[in-house]
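Asks: need a 3D model of the sequence below.
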Amino acid sequence: MASKQRGASCSAGSITDLSPEGCGGRDIRKYLLGEWRLQRRIEDRRTQQVGTFLGACTFSPLEASEDTLICREDGRVRMNGQDMKAHRIYHYVFCGPRKFAVQTEDGDVLLNLNLEHGQSEDRHLCIADTYRGNFEIVGDDLWTQSWTVTGPKKNYALHARLNRVKPSN
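Replies: Coordinates of the predicted model:
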C-alpha cells in the first residue's frame, strides 16, 4: 500500500529544469497572484450526479515563505438538490518561476507541475486513490484545471475555469 506524499517535492525526476522560453516567459507566481472567478463542474461518476462550484479563488503570498502562495477557494456547491457554502485552502510551493507542487493545507503533495510550456499534468497515488491533475494557462486572464480521482471509494472528475477578476477603477 502506498503512503501519502508529504512536503514539497518539486525536485521529482519528472520535472525538468526551466528555461526562459515557453509559457511566454511567465513567472507563474506573479501570474496567479490576486483574485480569480472560479467555475467548476463536479462529476460524481459513482452516483452519476453532476454539480457545480461557483466562487472565488484568491492567491496570496504565505508570510513565512517567499516561495509559497496560499490558494483559498470560497464559494457555493450545488449538487443533489443542495446548495451549501464551501471553501478549501491549498499551498502552491514554487521551486522556480514555472515549477511548483500543489499541496493540501496539511502539506500532503497532490501534484508536481511544470508550466514551462503553459500546460502540465501529473498523477500520484495517495494510499488507495489515484489523483490526476492537468493545469493549463490559456491566456493572460484565463487558466484551467482538471482533476480526476479514482480509487476503491472515489470516482470523480473536476473541471475548472478561472478568470482573473479585474480591479475596479
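
Asks: CA only for contacts and neighbour counts going forward, please
Replies: Noted.

Asks: given the strand or helix carrying Gln145, what are its sheet partners and their directions?
Replies: Gln145 is part of strand 142-150, with elements assigned from DSSP states H and E. Using DSSP bridges, the neighbouring strands of strand 142-150 in the sheet come out as strand 129-139 (antiparallel), strand 155-164 (antiparallel).

Asks: can you add distance to Thr148, mean neighbour count and mean pLDDT and give these back as TSV?
Replies: Formatted as TSV, the entries for the strands paired with strand 142-150 read as follows, by distance: least, Cα to Cα, whole Å; neighbours: other Cα atoms under 10 Å; pLDDT from 0 to 100:
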stretch	distance to Thr148	mean neighbour count	mean pLDDT
strand 129-139	5	17	95
strand 155-164	4	18	98
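
Asks: would you turn these into CSV with distance to Tyr31?
Replies: Converted to CSV, the strands paired with strand 142-150 look like this (distance: least, Cα to Cα, whole Å):
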stretch, distance to Tyr31
strand 129-139, 10
strand 155-164, 10
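
Asks: out of those, flag the one nearest Arg37.
Replies: Each of those was checked against Arg37 via Cα to Cα, and the shortest separation belongs to strand 155-164, namely 5.1 Å.

Asks: okay, now the unreliable bits of the chain?
Replies: The chain contains residues with pLDDT under 70 at 1-25, 167-169.
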